[in-house]
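Student: Any chance you can model this:
(one chain, ligands or ions: 3)
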Amino acid sequence: MVVLRLALPTPMRRVFDYLPPADIDPQTLVPGIRIRVPFGNRQLIGMLLDVSDHSEFPIHKLKAALEVLDNTPPLPAHLLDLARWAASYYQHPIGDALAQALPVMLRKGNACEYAHEHLWRACDGAVPEDAGKQAKKQQAMLALLIKHPQGISTDAIRAEGYRPELLKPLEEKALAERFIHHPHHANSERTENLIHEAPLTLNTQQSAALEEINSSDGFAPILLEGVTGSGKTEIYLQAIELQLSRGKQALVLVPEIGLTPQTVTRFKQRFNVPVVALHSNMSDRQRLDAWLDAREGEARIIIGTRSAIFTPMRAPGIIVVDEEHDASFKQQDGYRYSARDLAVLRAQREQIPVVLGSATPSLETLHNAQQGRYQWVRVTERAGHAKAPSFELLDTRNTHLQSGLSTPLIKKIGQTLEKGTQALVFINRRGFSPTLSCHDCGWIADCNRCDANMTLHRSPPHLHCHHCDKQTPIPARCGNCGSDQLKPVGAGTERTEDTLQKLFPDTPVLRIDRDTTQRKDAMAKMMAQIHSGEPCILVGTQMLAKGHHFPKVTLVAILNADSGLFSADFRGMERTAQLILQVAGRAGRADHPGSVVMQTNQADHPTLQHLVQMGYYAFAQQELIQRQNAQLPPFTHYALVRAEANGSGRAEAFLRAIREQMETDILMPEGVRWLGPFPSPMEKRAGMHRAQLLIQGNNRRHLHQLLDTLTHYLEQTKEARQVRWSIDVDPVDT
Ligand code: ADP
Ligand code: ZN
Ligand code: ZN
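Tutor: Ligands and ions are numbered 1, 2, ... in the order given. From the prediction side, this is the model:
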């Protein structure tokens, strides 16, 4: 008896038993291959987990699988194993988790092979006359084929005005032939020289860091803590060079590729080897080809965002996670895995070093380094001639602000431009103004689907809810008293851009936010203008904070970064500090000294003071002590159950019932506690009412014991079908 145990992409947390297709030799069935099966009235593509000799179900009730799609598993065994581990750790349905570890085309059942197309060409030595005197059309077709010795597709033949039906008689007369063409054709030429462009000479601190990374043998997790501009990328490049020289590959994870194309360019400029970038602007086909290049060892450097963590490598050499603190490494919906944490586990399985780089490491990673679980290298000075920027807190209490800009700040921007350099103004709100309010009665335009205001946008004019994406025209009159005195309150990027352009009419003002960078090449164009070095003002959101190197920016102004200081989330302070320092890090990165001006009405906030005077490291030490005292992560571990339902209070009641039921049924594992349920920070969002139940554990094993039981409860409970629930293990926002 042969029973196939399959993971199928369904929301169910279980595996499914099938019989093998009739004509298949069971010996060929290895875990990891894809199999097409009937499922209800549909077909699904699943992954084989095990071959068993029995089933819990009566054998006659099992259906037969339809088709085996692979001879060999797309994922190597250790990555399949990692993906299975992650599904269980993050409490996610196994079928969906495994599907997400594969490129989209493989999920859909396409062959695990490079793109190919069928082309036609003339046979050797054929001339049009061979088609015969009576066959003028065939002659013309043959002439066309002769004109395309590399081959031509039937689509192209049709586009030229010919009928592909004429190919058949030509094929029968052995005058034309069909062949398979691989347009992708990976560049597999091996060259002697790995390097295009000479590496920079490292300074003492950089050399020490590189030495530490390169001396590791086998698995080594390394925190590379290097201030902004300290030349972390150069260290990555040289560490990768060593691996390339050994014939190995490198995987580089970055928060966002579209916004920082320079990163990819730097790798391509340095190395004379195939570099592939996996990003969202690629077609599914291009992604599969790049993925195959990585798996076959053709691509030597693979750069990608979160989902690239599951990309197989034939000869893994090193993994780099750049900006490891970035929240985008944690998927925030559906399958909530952390690519950063999985990178460490993957490196362990592949017995290679993994470098976690950041100027502002997450407290989790810092804690791991302090506990000795990670090696820890620090680069405290900027590379080259660049110096750390000076910092100034500008108190805005009792001052007049012009669209959020104080008079001293406007003056400094003017001076910056006069010097021939560039200024960057950071404001963490896009749109024209965060609220539209009635001057007469105080009414505020809010979203009827969310506990949030509508943001006013001017180009094009509309109101937009940034939480549920609802968009409406701008009302002419107040929704409450009918007055026409509606006024924008507060400033977003559009308004700041507007005001700055009026103040500095002769200087280009470039706004960089999600609205201005949607077109494909928009970001590249603005980057080119910034890199031309002419004086200009950049206004933007945190898109500007991520990894950019702007040599001519000497002034960075931060307008409203203190808003996070009073967040209900215990990570609010950490996030604020990271954001401030990342934005500040754009100032003075080359020969010109930089300064940072932070406008705040919290100028005497002790944490802010400490951060500005002592830097991130000292801030983080203090923050860690507070976390320890309060028994918060990383000293304890969190999991969050989120629920949402139509109608107020239902999600919370559901979570309370689950908690009470479990409290009566089971003994809590040692050191595991419930906190809540509570309404979510934004209770209503997109029309749904939301609540959350936090579970805290002193150790992961006990926490996971509870989670396994809890998931089972949630799946079995009838009430659970009336709410939407999800589990988030190691959540990054609570
Ligand atoms: P980080 O990622 O740490 O913020 P980058 O890697 O972007 O910093 O480096 C900042 C700048 O310093 C880049 O222009 C880089 O070319 C330059 N740089 C890095 N290392 C050196 C070095 N050893 N000597 C001179 N310049 C360097
Ligand atoms: Zn009104
Ligand atoms: Zn909304």
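
Student: Every contact and neighbour count from this point should use C-alpha atoms.
Tutor: Will do.

Student: how about the helix ranked longest in the chain as PDB, C-alpha atoms only?
Tutor: In the chain, taking DSSP state H as the definition, the longest helix is helix 606-629. Extracted C-alpha coordinates of helix 606-629, given in PDB (Å, rounded to 0.1, in the frame of the first residue of the first chain):
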ATOM      1  CA  PRO A 606      15.100  62.600  28.200                       C
ATOM      2  CA  THR A 607      15.300  59.700  25.700                       C
ATOM      3  CA  LEU A 608      15.500  62.000  22.700                       C
ATOM      4  CA  GLN A 609      18.300  64.000  24.500                       C
ATOM      5  CA  HIS A 610      20.100  60.800  25.300                       C
ATOM      6  CA  LEU A 611      19.800  59.500  21.700                       C
ATOM      7  CA  VAL A 612      21.100  62.700  20.200                       C
ATOM      8  CA  GLN A 613      23.900  63.200  22.600                       C
ATOM      9  CA  MET A 614      25.100  59.600  23.100                       C
ATOM     10  CA  GLY A 615      24.100  57.900  19.900                       C
ATOM     11  CA  TYR A 616      22.200  54.700  19.100                       C
ATOM     12  CA  TYR A 617      24.400  52.300  21.000                       C
ATOM     13  CA  ALA A 618      23.900  54.100  24.400                       C
ATOM     14  CA  PHE A 619      20.200  54.500  23.700                       C
ATOM     15  CA  ALA A 620      19.800  50.800  22.900                       C
ATOM     16  CA  GLN A 621      21.600  49.800  26.100                       C
ATOM     17  CA  GLN A 622      19.200  51.900  28.200                       C
ATOM     18  CA  GLU A 623      16.200  50.700  26.300                       C
ATOM     19  CA  LEU A 624      17.300  47.100  26.800                       C
ATOM     20  CA  ILE A 625      17.500  47.600  30.600                       C
ATOM     21  CA  GLN A 626      14.000  48.900  30.500                       C
ATOM     22  CA  ARG A 627      12.800  46.000  28.500                       C
ATOM     23  CA  GLN A 628      14.400  43.600  30.900                       C
ATOM     24  CA  ASN A 629      12.800  45.400  33.900                       C
END
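
Student: And the next helix or strand past it?
Tutor: Tracing the chain past helix 606-629, the next element assigned as helix or strand by DSSP states H and E is strand 637-645.

Student: Please enumerate residues in contact with the helix or strand just after that following strand?
Tutor: Next along the chain after strand 637-645, taking DSSP H and E as the criterion, comes helix 650-665. If you take Cα atoms under 8 Å, 6 or more residues apart in numbering as the criterion, helix 650-665 is touched by 643-645, 674, 676-679, 689-693, 710, 713-714, 719-720, 723.

Student: Let's see which of the residues you listed end up in strands.
Tutor: Applying DSSP state E to the contacts of helix 650-665, the entries found in strands are 643-645, 674, 676-679, 689-693.

Student: and which of those is nearest ligand 3?
Tutor: Minimum distance to ligand 3 across those is 12.2 Å, recorded for H689 (Cα to the ion).

Student: what's near enough to touch the closest one?
Tutor: Contacts of H689 (Cα under 8 Å, 6+ apart): E644, A645, N646, G647, S648, G649, R650, A651, E683.

Student: For W85, which three-state class applies?
Tutor: Recorded secondary structure, W85: helix (DSSP: H, G, I helix; E, B strand; the rest coil).

Student: how near is it to Q351?
Tutor: Relative to Q351, W85 is positioned 17 Å away (Cα to Cα, to the nearest Å).

Student: Which per-residue confidence value corresponds to whatever residue of the stretch 351-500 of the chain ends up closest to ligand 1?
Tutor: Ligand 1 sits closest to G384 of the stretch 351-500 of the chain, with a gap of 3.7 Å, by Cα to the nearest ligand atom. G384 is assigned a predicted lDDT (pLDDT) of 88.

Student: How about the residues of the protein by ligand 3?
Tutor: C447, R449, C450, C465, H467, C468 (Cα under 5 Å from the ion).

Student: how deep is the last one tucked in, by neighbour count?
Tutor: Read that as C468. 14 (other Cα atoms under 10 Å).

Student: Could you shift the numbering so residue one becomes 31, and keep it that way?
Tutor: In the new count, where the first residue is 31, that last one comes out as C498.

Student: OK, contacts around it?
Tutor: R479, C480, R715, A716.

Student: Can you classify it as helix, strand or coil?
Tutor: Per three-state DSSP, C498 ends up coil.

Student: any idea how far it lies from ligand 2?
Tutor: 25 Å (Cα to the ion, to the nearest Å).
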